[in-house]
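Asker: Prediction below, plus the sequence it came from.
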Amino acid sequence: MNFKRTEILKFPDVREVDPGGEVSDWKRWESPISIQEYGAINKIDISNTGNQLLFAITSYSKVLLYDPVIKDVYKSFSKFQDACYGGKFRRDGKLLSIGTSEGQIKVFDVATKTMLRIFKGHTTAVRRSDFTPDNTHLVSFSDDKNVCIWDLPSEAVIETFAGHTDYVRCGASMNLSSDLVTSGSYDQTVKIWDRRSGPEPVCTINHGAPVEDLVVLPGDALIVTAGGSNVKFWDIAGGGRELVNLSPHHKTVTSLGLADNGQTLLTGSLDRHIKRVDLENFQVTGNLSFPSSILSVGAVDKYVIGGMVDGLIQIHEKRPETMVDGVKKDNKKARRAKNLRYMQFSHFESSSGDFIVDSQDMPIERRFDKFLRKFEYSKALNQTLKPYVLQKKPQYTHSLLYELIRRDGLKTALMGRDEFSQLVILKYLNDNITDVRFSRVLHHVANIMVDLYLPLAGKSSKVEQAFTKLARKLEREIDLVENLTGVQGMLDTVLEASNAGQHPPRVEKEIFKNS
């Protein structure tokens, strides 16, 4: 009877799969397209409304609209007396707002290049502007330390916020509410303003360095600020508390941008790099190098754009993957398989009477399967507890534990272990017991470990500390589950209340309507 090898359970790797289901690879790029302009590139904005994809690139005295399909400049706006700043599309892509060094904000029709509005009121340069979600108001951020909200039809100032004590260099309107505005200043603070509550900010955050840029994440619960070499995440719903502090660069971070449908964050810095940060685990997952210091970044679909201090713009496009029958044909492994130098002079053609034997790759038996074949469960488990396996292939350990449970040999494999072996297993439990992929099996393993070794933990301080750490981690997980259950209950109550006035149609009406 043939021995059935252990089936390795497969799980999706969230670090390699993007929200669209495609593999996100920042190592495969076409040669960048370069555009040279006069003056620093202070802002890059993207309009992706479905009809046309356009990049608004703001240089010293003009704004370029670049079309990546034709790979050329589509239009340009140059009706400025001096410098212009922060070209920003409206959410529908029909209007473009641009700040000027004279303190004006000019609004253009993208289709016809017609100047529709000129907003006058600021005394110095307007560095940034943004349209509100209702598409009828405009927010401006100026070096005169003021934030203004304008009415698009009447060109009138609706509200002026004057709480900053230094230049206001960045800001944005919230994604869901037209009444909420956030601004960042060189006074090292970020303020959130509510038009309904008067001229005072509803929340003030101290970044600790002059704020160069900020981004509001989808849902309006979190904002990201950049200043100095730090990128900080703030919980607005929790009163403005700091959640994460990252230092992905060794020089000043000048710009931020969202990519992958809001799942990743791009950071540009004076160190000539654009880095990608995964918003699920806050780890740097990509890096692009540029020839000069970065002042502005932008990303959409397969494009990453960087604007530099010397007026150079580089547009990077991801290289498409060649797939044949669902298999990649141009990756490193496939190229290495084709590059067999020792066979370049060994071409052989079979004769008509030759019998060709098909080559079959014999499956390699893993080491822990060899011990399972001999029913040596402890030695099999030891093979999957090695540091390399635990770090690179934790699914091997999980699959073996699942197989031992199926064979009713898990307790046998865990019994009779010394202090070092106990610590290895407890470390694996502490690292992975809250992972949803492994938690069900590891809960059973933890129960057996508690029964076998917790009464003897007093003999070893390290084992006792490992058990204490495991208990605390489980307590935190239980508290989290209870809080999430409470939130789910509140959401269910709100949804039921919102649907209370809606009476479902009678079945008879539906039948008569469809007949």
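Answerer: Great, that's in hand. Keep in mind it's a predicted model, so treat the numbers as computed, not measured. Residues are numbered from 1 along each chain as shown.
Asker: Now stretch 419-431: buried residues?
Answerer: By neighbour count with 16 or more other C-beta atoms under 10 Å, stretch 419-431 contains the buried residues 422, 423, 424, 425, 426, 427, 428, 429, 430. The C-beta positions use only the backbone N, C-alpha and C, and glycine is treated the same way.
Asker: average pLDDT for the helix or strand containing residue 484?
Answerer: Per DSSP states H and E, residue 484 falls inside helix 461-498. Model confidence over helix 461-498, given as mean pLDDT, is 84.
Asker: Ends of stretch 282-301, what's the gap?
Answerer: 21 Å (C-alpha to C-alpha, to the nearest Å).
Asker: Stretch 237-253 now?
Answerer: First-to-last distance for stretch 237-253 - C-alpha to C-alpha - comes to 25 Å.
Asker: roughly how far apart are the most far-flung residue of the chain relative to its centre and residue 219?
Answerer: In the chain, residue 353 marks the outermost C-alpha relative to the chain mean, sitting 60.7 Å out by C-alpha atoms, centre = their mean. As for residue 353, its distance to residue 219 is 72 Å (criterion: C-beta to C-beta, to the nearest Å).
Asker: now the buried residues of stretch 419-431 as a markdown table including pLDDT?
Answerer: Rendered in a markdown table, the data for those read as follows (pLDDT from 0 to 100):
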| residue | pLDDT |
| --- | --- |
| 422 | 88 |
| 423 | 89 |
| 424 | 88 |
| 425 | 89 |
| 426 | 89 |
| 427 | 88 |
| 428 | 88 |
| 429 | 89 |
| 430 | 87 |
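Asker: In this protein, where is pLDDT below threshold?
Answerer: In the predicted model of the chain, residues 1-4, 10-25, 321-351, 356-363, 497-515 satisfy pLDDT under 70.
Asker: Going by residue numbers, what spans are strands in the stretch 1-150 of the chain?
Answerer: Taking DSSP state E, counting those that start in this stretch as the criterion, the stretch 1-150 of the chain contains strands spanning 33-36, 43-48, 53-58, 63-67, 72-77, 84-89, 95-100, 104-109, 115-120, 126-131, 137-142, 147-151.
Asker: Please read the previous query as pertaining to the stretch 151-300 of the chain.
Answerer: Here the stretch 151-300 of the chain has its strands, by DSSP E, counting those that start in this stretch, at 156-161, 168-173, 180-185, 189-194, 203-206, 213-216, 222-227, 230-235, 241-246, 253-259, 264-269, 273-278, 283-289, 294-300.
Asker: Could you dump those into TSV and include distance to residue 311 and mean neighbour count?
Answerer: Rendered in TSV, the data for the strands of the stretch 151-300 of the chain read as follows (distance: least, C-beta to C-beta, whole Å; neighbours: other C-beta atoms under 10 Å):
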stretch	distance to residue 311	mean neighbour count
strand 156-161	33	16
strand 168-173	20	25
strand 180-185	25	26
strand 189-194	29	22
strand 203-206	33	16
strand 213-216	19	24
strand 222-227	22	24
strand 230-235	26	21
strand 241-246	29	14
strand 253-259	15	23
strand 264-269	15	25
strand 273-278	17	22
strand 283-289	18	14
strand 294-300	10	24
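Asker: who's in contact with residue 451?
Answerer: Residue 451 makes contact with no residue under the criterion C-beta atoms under 8 Å, 6 or more residues apart in numbering.
Asker: Three-state assignment for it, please.
Answerer: Taking DSSP: H, G, I helix; E, B strand; the rest coil as the rule, one finds residue 451 in the helix state.
Asker: Likewise for residue 401?
Answerer: Going by three-state DSSP, the secondary structure assigned to residue 401 is helix.
Asker: Not counting sequence-adjacent ones, nearest residue to it?
Answerer: Closest residue to residue 401 apart from its sequence neighbours, by C-beta to C-beta, 6 or more residues apart in numbering: residue 441 at 5.3 Å.
Asker: sorry, back to before: adding mean neighbour count and distance to residue 231, write the strands of the stretch 1-150 of the chain out as CSV.
Answerer: Conversion of the strands of the stretch 1-150 of the chain to CSV gives the following (neighbours: other C-beta atoms under 10 Å; distance: least, C-beta to C-beta, whole Å):
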stretch, mean neighbour count, distance to residue 231
strand 33-36, 14, 27
strand 43-48, 21, 18
strand 53-58, 24, 22
strand 63-67, 21, 27
strand 72-77, 15, 31
strand 84-89, 26, 20
strand 95-100, 25, 24
strand 104-109, 21, 28
strand 115-120, 15, 31
strand 126-131, 25, 18
strand 137-142, 26, 20
strand 147-151, 21, 23
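Asker: Before I go, just wanted to say thanks for your time.
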